[in-house]
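>>> quick one, what's the 3D model for this:
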Amino acid sequence: MHLKQSWRQPRRPWRVRVGLLYIVLLSLVVGLLGGCTSETSPSSTGASAPSTEAPATTQPPTTEATTRVLTDMAGREVVVPAKVERVFSAIPIGTVLLYTLDPAILCAKNFDLSDMERLYTVDSYQALPVMGTYIVGDTTNIEELLELKPDVVLYAGFINDQWKTQVYAAQKRLGIPVVMVDSALDKTPETYTLIGELIGQETRAKELSDYCKNTIDEAKQISATIDSARSIYYAAGEVLSTYAKGSIHSELIDFVGGDNVVVVESKSPFARVTVVWEQLLNWNPDMIITNSPHTRGGAASDVRTELLTNSKYSDMTAVQNSEVFTIPCAPFNWFGEPPSVARILGIKWLGSLMYPDKYDYDMVAETKAFYSKFYHLELTDAQFDQITENSLR
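This next block holds a predicted model:
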């Protein structure tokens, strides 16, 4: 009996099976890749492929501030340009302050210069246009001032509510920031510090401020030792034209320990007063100082000569003792017209005249040092003699 045998395909070895599987998988991958490349790519149509990278972080451009806030000597917060390059001073007090720091910062002057002023000022200052005064006096043509495009207007004078109100109104009219600084003599160091901050010249301002502070401190110490004050009269434009005690224009007298004999009412701390001849004779001052015809706002005639030669003044103590002196005025008046930083040198001059044993200065050396430091000028002996003619014993 024959049994029927079932047929079976012989099994392949395992290595063959794995190889076949590998070939099949490889064929599938190739097919898939071929299908992808047959599709239209984004770049071929001009479309941008979506980025899978995080967008780059861009920093906003850094810009410097164009303005800053400055607190002036009236306590007002004033918005001023970050960089101040052109300044107009409303009155000559501030003009002189700015001139001593840097004449190039000025965009105008207040008055035409006298011949003496031209001899002792730099060319760039002489060439500046004349704009008159503003706020105090108001002779400035506003349209012409605006054409000069000052960054800031400087007010250097009294500080009180009245003047703050006037400055605010002036600032509103102009549309230009107005910075207030104090013109009082003993505030000069602080005034320099603030103006230096305003115009970005702090180092130069500190140099001048320190000089002023040292001179003021020394004068205060000396004047405190004076037991009996000498009396003095200031003949301004004419013999009988003067400034009362308490005026900013005669402040220097009290500062050095003198006694201003003119105790009368005055309409303004800036205003002159006129006295009568008999009143002057009655006051009979120990000393008289007077402006030179060359000075700013000075005399129409030689007041010193008139006092010494006119018989109606011959009985006065100052005249009999030849204690009549002319105030040095070039390039700026040392005493009070205008009452500028030139008064710092005036402290030494007037102090040495009134109390030579206490204010013991070599005025030649002091004057040359001051002119070099403040006026950008190396003074010669001949120039010193010209400036101080009839001003010293």
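
>>> residues near the closest residue to P331 other than its chain neighbours, how many?
The spatially closest residue to P331, leaving aside those adjacent along the chain, is Y120, at 3.8 Å (Cβ to Cβ, 6 or more residues apart in numbering). The way it works is simple: take the backbone N, C-alpha and C, and place the C-beta from them, glycine included. Counted with other Cβ atoms under 10 Å, the neighbours of Y120 add up to 19.

>>> for G336, see how far away Y120 is.
Using Cβ to Cβ, to the nearest Å, we find Y120 at a distance of 18 Å from G336.

>>> what of T380?
Counting by Cβ to Cβ, the gap between T380 and G336 amounts to 26 Å.

>>> same check, this time on V264
Plainly put, V264 is 17 Å away from G336 if you go by Cβ to Cβ.

>>> ok, V256 next?
According to Cβ to Cβ, V256 stands 13 Å off from G336.

>>> one more: D227?
For D227, the distance to G336 equals 26 Å [Cβ to Cβ].

>>> of those two, who's got more company?
G336 (25 against 5).

>>> what's the pLDDT at the spatially closest residue to that one that is not a sequence neighbour?
Here the nearest residue to G336 in space, its sequence neighbours aside, is H249; by Cβ to Cβ, 6+ apart that works out to 3.9 Å. The confidence metric pLDDT takes the value 93 at H249.

>>> for H249, give me its contacts.
Under the criterion of Cβ atoms under 8 Å, 6 or more residues apart in numbering, the contact list for H249 reads Y234, A236, Y243, F270, R272, F335, G336, E337, P339.

>>> wait, a helix at L154?
No - note on L154: no helix contains this position according to DSSP: H, G, I helix; E, B strand; the rest coil, which reports strand.

>>> still on that earlier bit, my read: the residue nearest to P331 touches E378, true?
No - between Y120 and E378 there is no contact, the gap being 11.4 Å when judged by Cβ atoms under 8 Å.

>>> so R68: helix, strand or coil?
For R68, the reduced secondary structure class is strand; criterion used: three-state DSSP.

>>> what sits against the closest residue to it other than its chain neighbours?
Spatially, and ignoring its direct neighbours in sequence, R68 is nearest to A82 (5.3 Å; Cβ to Cβ, 6+ apart). If you count contacts by Cβ under 8 Å, 6+ apart, A82 has them with E64, A65, T66, T67, R68.

>>> which pLDDT value does the model give A82?
You'll see A82 listed with a pLDDT of 97.

>>> need the helices for the stretch 151-300 of the chain, in chain order.
For the stretch 151-300 of the chain, the helices identified by DSSP state H, counting those that start in this stretch occupy 161-174, 188-199, 202-223, 251-255, 277-283, in order along the chain.

>>> the first one packs against which elements?
Helices and strands in packing contact with helix 161-174 are listed as helix 142-147, strand 152-157, strand 178-182; criterion 3 or more Cβ pairs under 8 Å, 6 or more residues apart in numbering; DSSP states H and E.

>>> what about 6 Å?
strand 178-182 (3 or more Cβ pairs under 6 Å, 6 or more residues apart in numbering; DSSP states H and E).

>>> mind listing the strands the strand it packs on pairs with, and their directions?
Taking DSSP bridges as the criterion, strand 178-182 sits next to strand 152-157 (parallel) in its sheet.

>>> just the angle between the strand it pairs with and helix 161-174, please?
In terms of direction (axes from the mean of the first three to the mean of the last three Cα atoms, to 10 degrees), strand 152-157 departs from helix 161-174 by 160 degrees.

>>> any low-confidence regions in this protein?
1-63, 295-301 (pLDDT under 70).

>>> now do the strands in it.
67-71, 77-81, 87-89, 152-157, 178-182, 231-235, 241-242, 259-260, 273-274, 287-290, 324-326 (DSSP state E).

>>> of these, which is nearest Y168?
Taking Cβ to Cβ, strand 178-182 is the member of those nearest to Y168, at 8.0 Å.

>>> got a list of contacts for that closest one?
Identification of contacts with strand 178-182 by Cβ atoms under 6 Å, 6 or more residues apart in numbering yields 72-74, 78, 152-156, 159, 167, 170-171, 191, 194, 198.

>>> appreciated, that's everything.
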